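[1] Let me see the structure of the following:
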Amino acid sequence: PDLQSLPDYSEEAEESGASYALLAIPDDQLSPQEREKKRHQKMLKGAADARNKDRERKEKEREEKQRKRTQEEQERAQNPTKWLQLARAKRAELLERRDARAKKKAAASDRRSQEASERMKAI
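    Numbering: from 1, shown residues only. Predicted structure coming up:
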């Protein structure tokens, strides 16, 4: 198809509420040029729907993050000692996981470790 004859499908037109009129019409009632326009409208509608869905998902995530932050601030204000204990427990858990990863990495490089011998048995 001739690209100059196709209408301009810019995002500005799409975002301002573009019409997808050809999508409701069966293909056998359309001319070849209209089928091409319908194909473009279908792609644009799909892309617009995907963007809207992604935008909604991000907004929900943002709201959930804000809700959790607000709840944590309220808990901290109501009972600072309990909040501090929980924060220290979280920190200790993170440090423990970090140390375990470092230990595992060191053991993987040591050829006499149990992990290395198990790898050799598997081979």
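[2] I'd like the next helix or strand past the helix or strand encompassing G46.
    Assigned by DSSP states H and E, G46 belongs to helix 32-78. Following helix 32-78 in sequence order, the next helix or strand is helix 80-109 (DSSP H and E).
[3] check contacts around the nearest residue to S113 once chain neighbours are set aside.
    Of all residues not flanking S113 in the chain, A107 sits nearest, at 4.4 Å (CB to CB, 6 or more residues apart in numbering). Where you see a C-beta, it was placed from the backbone N, CA and C, and this is true even at glycine. Shown in contact with A107 (CB atoms under 8 Å, 6 or more residues apart in numbering): 113-116.
[4] quick one: A107 from R35, how far?
    Distance, A107 to R35, by CB to CB, to the nearest Å: 63 Å.
[5] burial count for A122?
    6 (other CB atoms under 10 Å).
[6] Just the pLDDT for it.
    Looking at A122, its pLDDT reads 81.
[7] now swap in K104 and tell me
    pLDDT, K104: 84.
[8] Same check on E11?
    Each residue has a pLDDT score; the one for E11 is 48.
[9] related to what we said a few turns ago, ok, so of the contacts of A107, who is nearest A47?
    Nearest to A47 out of those is E115 (CB to CB; 48.5 Å).
[10] out of everything not next to it in sequence, what's closest to that closest one?
    Using CB to CB, 6+ apart, the closest residue to E115 is A107 (5.1 Å).
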